[in-house]
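# Provided below for reference: sequence and predicted model.
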Number of protein chains: 2
Amino acid sequence: MRQTKLFTKTQREAPKDEVSLNAQLLIRAGFVDKLMAGVYTYLPLGLRVLDKIKNIIREEINAVGGQEILMPALNPKENWEKTGRWSGLDVLFRLEGAGGKEYALGASHEEVVTPLVQRFANSYKDLPVAVYQIQDKFRNEPRAKSGLLRGREFSMKDLYSFHANESDLDEYYEKVKAAYLKIYGRCGLGQLTHVVFASGGTFSKYSHEFQTITEYGEDVIFVCAKCGTGVNKEIIDEQKICPECGNEKLEEKKSIEVGNIFKLKTKYSSAFDYKYTDEKGEKQTVTMGCYGIGPSRVLGTIVEVHHDDGGIIWPESVAPFQIHLISLCKDAKNIKQADEIYEALTKSGKEVLYDDRADATAGAKFADSDLIGIPTRIIVSQKTLEKESIEMKKRGEKEIVLLKIKSLKID
Amino acid sequence: MRQTKLFTKTQREAPKDEVSLNAQLLIRAGFVDKLMAGVYTYLPLGLRVLDKIKNIIREEINAVGGQEILMPALNPKENWEKTGRWSGLDVLFRLEGAGGKEYALGASHEEVVTPLVQRFANSYKDLPVAVYQIQDKFRNEPRAKSGLLRGREFSMKDLYSFHANESDLDEYYEKVKAAYLKIYGRCGLGQLTHVVFASGGTFSKYSHEFQTITEYGEDVIFVCAKCGTGVNKEIIDEQKICPECGNEKLEEKKSIEVGNIFKLKTKYSSAFDYKYTDEKGEKQTVTMGCYGIGPSRVLGTIVEVHHDDGGIIWPESVAPFQIHLISLCKDAKNIKQADEIYEALTKSGKEVLYDDRADATAGAKFADSDLIGIPTRIIVSQKTLEKESIEMKKRGEKEIVLLKIKSLKID
């Protein structure tokens, strides 16, 4: 894409009310726009990253048998009353429509997915079932100061699994846990992301969170120095050693929760009286699991982790473009050559942002490029063209390499 | 995809409160599930169709320079007050959150996109700008009985263009009109869809709608027998001849509105005091256009238009799968051969739904296949395998062709 066609521009300053690092950088670089606290618009660059994260999640959830659906945000009050969460869930947005009908805005979708799957899967032969969606959630957060990490509206991948018994749930739960670790790995968060034991609610002893260590994190976890397993601060009093390997040395760290998985067991199936018929013809209550990752929160976390003073440093896998081609050419002949390199790179299948601005200085272009954070920077100028070359630099590195245009293999 | 893995099933009956033909068929065939009036879940088959429609729209809007963004559904009250639509728009959902903050749920996004583009495009050099999103809209419809044609929550592609003057708007408007006709053509609605003159509101004499003719339509239009241009009933009193060619013979038809385009001119830019600096350094008010297509409404319209007594007949371009492979095999050796055909077809890049159910009769499989409406049906049975063949039939046709497996070119 030509940068002169991109309607957004970089900004020197983020809005004054924006205190989070992720949103400050994303706003300044033109990835998101703040509409109000906890509510952001994804601009062209930001939407490209968000979609890449969503696709990585989609691939890995499909690989563990998840069937993608799309449930509505507008939910009937009755469903939320059945589970006690109409009045029990603080962050639930409630509204009234025509004819006095009351709705909830989905803060989570157990209230929709449970009766949905109940309509189709009623025999042991139909189970297990795993369905998921990638959809926007709404939560009436009293405080929303963490940028993309805690939104009032935010994207979520929510997977729900339905099983004939707990051992089948346990087996699937481990599969999803492994899929989640693959997702964080592919998003550039693998090294810093830990499986963390957390509170399990009424029905399970523990749930598991996936926590990415960063100094700006809102959460506190204790990480086993031996196996890397973590324990959330909220349960550290009852769990003073590593629950995985028994090691007594746990280190306190700040972190961001980038996902959680939860054995719901019969909590929601009981509320909807969801039973299946087993091999003997007897009715049994279905056992459930739920598994959440917020793509927008992952996006925010990547920025919290991968940046320097100049701006964002995107991992290849989720970068808005692979190459930032910067032209410093002034005369028509050189500009034409730069255009040709852009077209050849694009044709060869590369995703290229082409800084073709005539009125920006080299310094401004480099500063913008650092801020935007595309992994590979290619510079074309009269100087390089005289040597039939381009300059190439990786965003996180200092070394600049002079490469023959021929060697780019774009002919 | 193996049909035994698909968690949905076809149903004999649609819910009794579902009176619209599109939703009746889509529910019975397992494409959507009705959560409440005007609010549907997209099941795996339905989501595949919806995503294909969205991608066709995306390609054609990108081709006319639209830059994709994603705006929030949760909108601040202040923006809607500025345009007078907080109290002026009947179907606006309003809600209250933490700290008494009031929100609208986006029924349309002029109130968000205008100040957004205003933050970036302030000079004549920055214009024109065209941005769009594909996102869910919310409308508090008093009646929602038309299935996917009139939802309380529904998907929408909304494009907004910003121009220095009216002639630039006029030119872009015609480009988008042409892009829209391409979209309907690619979605299998080309033949039946007409450009229709409709009321233009305060700022323009006319807007244009795209109306698909069908006997179940909610709208009434008058179509020129000569050039195909239509006039909406709402303005027929002031416009008794074809506004395009002057022909006096206009035929009355029922139709479904599948899109509309509108010259907003300065209606919203004035509300937000959105001005740009022209070549002379003087401030001028920006001129706007808006352009909407609802992918879910297009989906419903396709079903209204393309069906028979047996079920849906999907156009190739938006079908959930290209091939419905039906196995009638009973013994292990034949089942293995059917599996191999499924795998070979899939490997060759075909999208295949494979009816591998062991416990369904041939009659039930054919009835389900007609209901689901995949364009090409391939039958594998002991009988066909003995001839090293498969039977192939197009959904809308009666002829069955016996084809050698070798000739499928899937080896």
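Cool, the structure landed. These numbers come from a predicted model, not from an experiment.
# When you work out contacts or count neighbours from here on, use the C-alpha atoms and nothing else.
Fine.
# residues in contact with the most centrally placed residue in chain A?
What sits nearest the mean C-alpha location of chain A, by C-alpha atoms, centre = their mean, is residue A:295, with 2.3 Å. Residues in contact with residue A:295 (C-alpha atoms under 8 Å, 6 or more residues apart in numbering or on different chains) are A:50, A:53, A:54, A:155, A:156, A:157.
# For chain A, give me the ranges with low pLDDT.
Along chain A, segments meeting pLDDT under 70 span A:410-411.
# Which parts of it belong to which domain?
For chain A, the domain assignment from automatic domain parsing gives the residue ranges A:21-308, A:321-408.
# circling back to that earlier point, how about the residue nearest to the centre of chain A, phi and psi?
In this entry, residue A:295 is assigned phi and psi values of phi -60, psi -40 (degrees, to the nearest 10).
# cool, residue A:171 as well?
phi -70, psi -40.
# on that earlier part again, where does the residue nearest to the centre of chain A sit relative to residue B:311, distance-wise?
Noted for residue A:295: a distance of 37 Å to residue B:311, by C-alpha to C-alpha, to the nearest Å.
# most packed of the domains of chain A?
Mean neighbour counts were compared across the domains of chain A using mean count of other C-alpha atoms under 10 Å in any protein chain shown; the top stretch is domain A:21-308, at a mean of 20.
# How about the stretch 151-300 of chain A: which residue is closest to chain B?
residue A:153 (7.0 Å; C-alpha to the nearest C-alpha).
# Please name the nearest non-neighbouring residue to that residue.
Nearest-residue entry for residue A:153: residue A:138, 4.5 Å, with adjacent residues in sequence omitted and distances by C-alpha to C-alpha, 6 or more residues apart in numbering or on different chains.
# is chain B contacted by stretch A:349-359?
No. Residues of stretch A:349-359 are not located near chain B by C-alpha under 8 Å from any C-alpha of the partner chain, the shortest gap being 11.4 Å.
# how long is that stretch from one end to the other?
Start and end residues of stretch A:349-359 are separated by 28 Å (C-alpha to C-alpha).
# can you give me how far it is from the chain middle?
For stretch A:349-359, the distance between its averaged C-alpha position and the chain's averaged C-alpha position is 26 Å (C-alpha atoms, centre = their mean, to the nearest Å).
# Show me what that stretch is in contact with.
Applying C-alpha under 8 Å, 6+ apart, the external contacts of stretch A:349-359 come out as A:1-4, A:321-327, A:330, A:342, A:345-346, A:365.
# helices and strands around the lengthiest strand in chain A, which ones?
In chain A, ranked by residue count with DSSP state E as the criterion, the top strand is strand A:250-265. With contacts taken as 3 or more C-alpha pairs under 8 Å, 6 or more residues apart in numbering or on different chains; DSSP states H and E, strand A:250-265 sits against helix A:166-186, strand A:206-213, strand A:219-224, strand A:287-293, helix A:295-305.
# And the next helix or strand past the third one?
Think strand A:219-224. Sequence order places strand A:230-232 as the next helix or strand after strand A:219-224, per DSSP states H and E.
# partner strands of that following strand, parallel or antiparallel?
strand A:193-199 (parallel), strand A:219-224 (antiparallel) (DSSP bridges).
# tilt between the first one and strand A:206-213?
Taking axes from the mean of the first three to the mean of the last three C-alpha atoms, to 10 degrees, one finds that strand A:193-199 is oriented at 140 degrees with respect to strand A:206-213.
# cool, and the shortest one?
Using the same axes, to 10 degrees, the interaxial angle of strand A:219-224 with respect to strand A:206-213 works out to 100 degrees.
# correct me, but residue A:189 touches residue A:212?
Yes. Look at residue A:189 against residue A:212 with C-alpha atoms under 8 Å: they come within range, at 7.1 Å.
# circling back to that earlier point, now do the same contact list for the residue of the stretch 151-300 of chain A closest to chain B.
For residue A:153, counting by C-alpha under 8 Å, 6+ apart, the contacting residues are A:38, A:39, A:136, A:137, A:138, A:139, B:72, B:73, B:74.
# Recalculate using a threshold of 6 Å.
Contacts here follow C-alpha atoms under 6 Å, 6 or more residues apart in numbering or on different chains; on that basis residue A:153 touches A:39, A:137, A:138.
# For the first one, grab phi and psi.
The phi and psi values for residue A:39, taken as degrees, to the nearest 10, are phi -140, psi 120.
# Kindly provide the distance from it to residue A:141.
Using C-alpha to C-alpha, we find residue A:39 at a distance of 11 Å from residue A:141.
# Equivalent analysis for residue A:32, please.
Counting by C-alpha to C-alpha, the gap from residue A:32 to residue A:141 is 20 Å.
# Over to residue A:208?
Distance of residue A:208 to residue A:141, computed by C-alpha to C-alpha: 23 Å.
# again with residue A:321
When C-alpha to C-alpha is applied, the distance between residue A:321 and residue A:141 equals 33 Å.
# And for residue A:82?
Using C-alpha to C-alpha, residue A:82 is found at 23 Å from residue A:141.
# now do residue A:7
Computed as C-alpha to C-alpha, the residue A:7 to residue A:141 distance reads 31 Å.
# Could you do residue A:330 as well?
With distances taken as C-alpha to C-alpha, residue A:330 is found 51 Å from residue A:141.
# And for residue A:28?
Shown here: residue A:28 relative to residue A:141, a distance of 25 Å by C-alpha to C-alpha.
# for residue A:345, same thing?
From residue A:345 over to residue A:141 (counting by C-alpha to C-alpha), the distance is 45 Å.
# go on, residue A:61?
In this view, residue A:61 and residue A:141 are 28 Å apart by C-alpha to C-alpha.
# what's the answer for residue A:175, then?
Following C-alpha to C-alpha, the distance that separates residue A:175 from residue A:141 is 32 Å.
# quick one, what contacts the closest residue to residue A:44 other than its chain neighbours?
Nearest residue to residue A:44 in three dimensions, chain neighbours excluded: residue B:69, at 5.2 Å (C-alpha to C-alpha, 6+ apart). Listed by C-alpha under 6 Å, 6+ apart, the contact partners of residue B:69 are A:42, A:43, A:44, B:132, B:133.
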